[in-house]
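*Asks:* here's a sequence, model it:
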Amino acid sequence: MSLLRRLEERKGDAAPVANAQEITVKPVVADSLGKVKERLRNLTIASLNEVKDPTDQIIREKLEELVQTEGTEIPRQERARIVDEIFNDIVGYGPLESALADQKISEIMVNGHQHVYVESGGRLHPADFVFRSQEHLMTIIDRIVSSIGRHVDEASPMVDARLKDGSRVNVILPPLSLIGPVLTIRKFSKIPFTAAKLVEYGSLSPKMVAFLEACVKGRLNIIVSGGTGSGKTTLLNVLSSFIPDDERIVTIEDAAEIQLGQDHVISLESRPANTEGRGQVSIRDLVRNALRMRPDRIIVGEVRSSEALDMLQAMNTGHDGSLTTTHANTPRDTIARVETMVMMAGMDLPLQAIRAQIASAVDVIVQQSRLRDGSRRVTNITEITGMEGDIVSMQDIFVFETQGQLDENGRFRGRYKATGIRPNCLEKIRNNGVMIHEDWFT
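*Replies:* Numbers count the residues shown, from 1 in each chain. From the prediction side, this is the model:
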């Protein structure tokens, strides 16, 4: 079996490569740098055709040798970089590797092969790389999704996947996309954020952290709400870190992102249907199953559909201290969104009963927002206080007030402020043996 075929099976690379006998070194004047890299890539693969199961080290060593002997037109100081680029193209994720390795980049957006953007420091800007062609981009996409046993093509043009480091990947292809293959990667932080880091970044205040820690340890049910990319999962990770080590925790996610340091953690991940439409295991299925696993806490990465009903029932039936996230722009919108998701369960419950269930189950909503300056902040910590007539009543405990002005770093000036309201949930927190400090609320 040729090296090319073995690499196709191993990485999903379908790019055609000529035989070694067909490859000739073109005159230097006729070669652009891109053509030189393509020629060296082909030479490397062709020269290893007789090597059985070449390791990454063997491939890199052969590539370095060929760059020295066949890439004399490449400046010496550039050769190490060229070796890395070609190596990544053969066995890795091509030009994506540099962005994946850059800890400052949090998101990568590929809008067709010639337009790539990255998010860094909360702001979007064009990346310093593109793909050679649409076929090159599709080769990398196939390599990503095939590594987890998934497939994407015109017949199945959408897929969610995950890199080995946990980064989330979404792909959508033509004909659904009119600009070519679209690839979005939300990177997975290798080092979990801590509460201290969030305070350092200005995402919330020390008093807010202390109160939220008391809420988690005091077994309050908490929903973290916010828009896409606002930092909900990061905050959920931080809140989850406050759960005591002696509790049994079950996490349920579409793509595993929650990073817990506790020992007694069971991580469950949903599964999409296969190409025949069978084998799907939904978040709702996992929530129902988790109730039979004797959990002390249930953490759902995100509720977005009918599983909201099962989550509320879990919160109302002895699983205090459960945590989840959802998409909503304000705490009041969160209530309306949960109502809608419960209706999707098809139980035909009256709206009054749904709202009563929400008011009884949910204690606190933490609103996470991404502001126009790119910063991510907790803008509200809101307590659910019960029902007033047929309306779920709530009160803000902490808010972020912006002054509408920018500081020297281009960030909004503002402050975190306690509203002065003493939460009704303090009694429940104290009953669970957690200390409360009254100065948090002044």
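*Asks:* going forward, measure contacts and count neighbours with C-alpha atoms only.
*Replies:* Will do.
*Asks:* mind listing the helices for the stretch 51-200 of the chain?
*Replies:* 56-70, 79-91, 96-101, 134-146, 195-200 (DSSP state H, counting those that start in this stretch).
*Asks:* if I take the fourth one and helix 79-91, what angle do their directions form?
*Replies:* Same thing as helix 134-146. Helix 134-146 and helix 79-91 are oriented at 60 degrees to each other (axes from the mean of the first three to the mean of the last three C-alpha atoms, to 10 degrees).
*Asks:* using PDB, write down the CA coordinates of helix 134-146.
*Replies:* Extracted in PDB, the C-alpha atoms of helix 134-146 (Å, rounded to 0.1, in the frame of the first residue of the first chain):
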ATOM      1  CA  GLN A 134     -11.400  25.000  -1.900                       C
ATOM      2  CA  GLU A 135     -10.100  21.400  -2.300                       C
ATOM      3  CA  HIS A 136      -7.400  22.100   0.200                       C
ATOM      4  CA  LEU A 137      -9.900  23.400   2.700                       C
ATOM      5  CA  MET A 138     -12.100  20.300   2.100                       C
ATOM      6  CA  THR A 139      -9.100  18.100   2.700                       C
ATOM      7  CA  ILE A 140      -8.600  19.700   6.100                       C
ATOM      8  CA  ILE A 141     -12.300  19.500   7.000                       C
ATOM      9  CA  ASP A 142     -12.400  15.800   6.000                       C
ATOM     10  CA  ARG A 143      -9.400  15.200   8.200                       C
ATOM     11  CA  ILE A 144     -11.100  16.900  11.200                       C
ATOM     12  CA  VAL A 145     -14.400  15.100  11.000                       C
ATOM     13  CA  SER A 146     -13.100  11.700  10.000                       C
END
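*Asks:* return the set of buried residues in it.
*Replies:* Using 16 or more other C-alpha atoms under 10 Å as the test for burial, helix 134-146 gives 136-146.
*Asks:* with pLDDT added, can I get the residues you listed in TSV?
*Replies:* TSV is the format used below for the buried residues of helix 134-146 (pLDDT from 0 to 100):
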residue	pLDDT
136	91
137	94
138	94
139	90
140	92
141	93
142	91
143	88
144	89
145	88
146	84
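*Asks:* and which of those is nearest residue 314?
*Replies:* Checking the buried residues of helix 134-146 against residue 314 with C-alpha to C-alpha, the nearest one is residue 145 at 34.2 Å.
*Asks:* ok, the closest one - contacts?
*Replies:* Residue 145 makes contacts with 151-152, 161-162, as judged by C-alpha atoms under 8 Å, 6 or more residues apart in numbering.
*Asks:* how much space between residue 203 and residue 334?
*Replies:* Going from residue 203 to residue 334 by C-alpha to C-alpha, to the nearest Å gives 20 Å.
*Asks:* typo on my end, residue 442
*Replies:* Going from residue 442 to residue 334 by C-alpha to C-alpha gives 26 Å.
*Asks:* okay, the two: which has more neighbours?
*Replies:* The neighbour comparison of residue 442 against residue 334 (other C-alpha atoms under 10 Å) goes to residue 334, with 22 against 11.
*Asks:* isn't that one up against residue 326?
*Replies:* Yes. The criterion here is C-alpha atoms under 8 Å, and residue 334 meets it with residue 326 at 7.5 Å.
*Asks:* before we move on, back to that, which of the contacts of residue 145 are buried?
*Replies:* With neighbours counted by 16+ other C-alpha under 10 Å, these contain buried members at 151-152, 161-162.
*Asks:* pull the most distant pair out of these.
*Replies:* The most widely separated members of the buried ones among the contacts of residue 145, counting by C-alpha to C-alpha, are 152 and 162 (13.7 Å).
*Asks:* tell me, what's touching residue 334 and residue 326 both at once?
*Replies:* residue 225.
*Asks:* relative to residue 106, how far out is the nearest residue to residue 126 once chain neighbours are set aside?
*Replies:* With sequence-adjacent residues excluded and distances taken as C-alpha to C-alpha, 6 or more residues apart in numbering, residue 126 is closest to residue 117, at 4.3 Å. As judged by C-alpha to C-alpha, residue 117 and residue 106 stand 11 Å apart.
*Asks:* got it, and residue 41?
*Replies:* 30 Å.
*Asks:* quick check: buried residues in stretch 360-378?
*Replies:* 360-370, 374-378.
*Asks:* from those residues, which has minimum pLDDT?
*Replies:* Ranked by pLDDT, these bottom out at residue 374, which scores 81.
*Asks:* coming back round to it: okay, now the residue nearest to residue 126: neighbour count?
*Replies:* Neighbour number of residue 117 under other C-alpha under 10 Å is 18.
*Asks:* please apply the same query to residue 34.
*Replies:* Look at residue 34: counted by other C-alpha under 10 Å, it has 10 neighbours.
*Asks:* what's the answer for residue 320, then?
*Replies:* By the criterion of other C-alpha under 10 Å, residue 320 has 21 neighbours.
*Asks:* report pLDDT for residue 1.
*Replies:* 52.
*Asks:* repeat that for residue 28.
*Replies:* At residue 28, pLDDT is 38.
*Asks:* swap in residue 72?
*Replies:* Reported pLDDT for residue 72: 68.
*Asks:* quick revisit: nearest to residue 254, of the buried residues of stretch 360-378?
*Replies:* residue 368 (20.4 Å).
*Asks:* surely that closest one is in contact with residue 226?
*Replies:* Yes. Between residue 368 and residue 226 there is a contact at 4.8 Å, judged by C-alpha under 8 Å.
*Asks:* overlap of the contact sets of the two?
*Replies:* Common neighbours of residue 368 and residue 226, using C-alpha under 8 Å, 6+ apart, are residue 232.
*Asks:* run the chain-centre distance for stretch 74-89.
*Replies:* 31 Å (C-alpha atoms, centre = their mean, to the nearest Å).
*Asks:* try stretch 382-394
*Replies:* 32 Å.
*Asks:* now that stretch: mean pLDDT?
*Replies:* 95.
*Asks:* and this protein, what are its domains?
*Replies:* 3-91, 96-186, 195-441 (automatic domain parsing).
*Asks:* got a list of what residue 44 touches?
*Replies:* Neighbour list for residue 44: 59, 62-63, 66 [criterion: C-alpha under 8 Å, 6+ apart].
*Asks:* who wins on neighbours among those residues?
*Replies:* Greatest neighbour count in the contacts of residue 44, by other C-alpha under 10 Å, goes to residue 63: 25 neighbours.
*Asks:* was I right about it contacting residue 87?
*Replies:* Yes. If you go by C-alpha under 8 Å, residue 63 and residue 87 touch, sitting 7.5 Å apart.
*Asks:* is residue 427 located within a helix, as I assumed?
*Replies:* Yes. Under DSSP: H, G, I helix; E, B strand; the rest coil, residue 427 sits within a helix.
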